[in-house]
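In: would you be able to build a 3D model of this:
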Amino acid sequence: MSGHSKFANIKHKKEKNDAAKGKIFTMIGREIAVAVKEGGPDPNNNFKLAQVITKAKANNMPNDTIERGIKKAAGEGGGVNYETCTYEGYGPSGTAIIVKCLTDNKNRTAANVRNCFSKGYGNIGTQGCVSYMFDEKGQIVIDRAETDKDADTLMELALDAGADDFSEDEESFEIITDPAAFPDVLKAIEEAGVPVLSAEVTMLPQNYVTLSDETDINNIRKILDLLDEDDDVQEVYTNWEE
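Out: Residues are numbered from 1 along each chain as shown. Here you go, the predicted structure:
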């Protein structure tokens, strides 16, 4: 789940990813194929592909696997054609959820996503019903324990490279960018030798919702867990503050 400077959530997400690398690599491989098909195999001239490569590296996908995926996508004649689709809906107590998918069968995916919402007593809405509550932003998170640079140094580095915002908590630093500035800011951070915990263009909620009712909390967890398990689901965004 992508969210606002949630070090523990990001760490949990990465641990889940590490436990299911095969699935994660398959999902990213689909994204590479779609990006190459839409904009070509050169990440310098294909911003979407550059974003996917950044995501792949953040998930510890080997370089040769990334390059193999690009070459395969660039040279494929037939193969499976994946389409992107986005679903928006509501979890318990009006919490907002956005689901981004890559699929070779939209009817199957729509039915599966609807089923995930239903099992947690949520419901699918129309396009745009909750996306207005989110902003598309580049987000870079750095584990404080993994860098010897202090907050002032990192903030200056990020802002000079074009970042919009910099924040910190006890465990992490967070850098927020416009999506177009994301590659330049990330490159500046990496060239400075700063290890990155998470780096992606994501959907950040403008406001967060907390749930106090245990039934509501169990239901939204059920929705999110079921969505995470679906092979067609690439990303899930929510304004629920866990």
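In: what segments of this structure are strands?
Out: Assigned by DSSP state E, the chain shows strands spanning 83-90, 96-103, 123-124, 134-143, 165-168, 172-177, 198-205, 233-238.
In: mean pLDDT for those strands: which is lowest?
Out: Note on the strands of the chain: strand 198-205 shows the lowest mean pLDDT, a mean of 88.
In: helices or strands up against that strand?
Out: Here strand 198-205 touches helix 7-19, helix 47-58, strand 134-143, strand 233-238, going by 3 or more C-beta pairs under 8 Å, 6 or more residues apart in numbering; DSSP states H and E. C-beta: built from backbone N, CA, C; applies to glycine.
In: around the nearest residue to Glu200 once chain neighbours are set aside, how many other residues sit close by?
Out: In this structure, Glu200 finds its nearest non-sequential neighbour in Lys55, 5.5 Å apart by C-beta to C-beta, 6 or more residues apart in numbering. Residues within reach of Lys55, counting by other C-beta atoms under 10 Å, total 21.
In: spit out the contact partners of Lys55.
Out: By C-beta atoms under 8 Å, 6 or more residues apart in numbering, Lys55 lies in contact with 28, 31, 199-200.
In: from those, which two are the most distant?
Out: By the measure C-beta to C-beta, Glu31 and Ala199 form the most distant pair in the contacts of Lys55, at 14.8 Å.
In: count the residues that sit near the closest residue to Gly69 other than its chain neighbours.
Out: Nearest residue to Gly69 in three dimensions, chain neighbours excluded: Ile32, at 4.3 Å (C-beta to C-beta, 6+ apart). Close neighbours of Ile32, defined as other C-beta under 10 Å, add up to 27.
In: read off the pLDDT value for Ile32.
Out: Reported pLDDT for Ile32: 90.
In: repeat that for Gly79.
Out: Note on Gly79: pLDDT of 60.
In: what is the burial count for the closest residue to Val99 other than its chain neighbours?
Out: Once flanking residues are discounted, Val99 sits nearest to Tyr87: 4.5 Å by C-beta to C-beta, 6+ apart. Residues lying near Tyr87 (other C-beta under 10 Å) number 21.
In: same check on Ser167?
Out: 13.
In: check the gap between it and Val201 for me.
Out: Distance of Ser167 to Val201, computed by C-beta to C-beta, to the nearest Å: 18 Å.
In: rewinding a little: relative to Glu38, which of the contacts of Lys55 is nearest.
Out: Minimum distance to Glu38 across those is 10.7 Å, recorded for Glu31 (C-beta to C-beta).
In: Ile53 is in contact with the closest one, correct?
Out: No. Counting by C-beta atoms under 8 Å, Glu31 does not reach Ile53; the two are 9.7 Å apart.
In: domains in the chain, by residue range?
Out: 7-75, 83-132+207-238, 134-205 (automatic domain parsing).
In: mean pLDDT lowest for which of the ones you listed?
Out: Lowest mean pLDDT within the domains of the chain: domain 7-75, a mean of 79.
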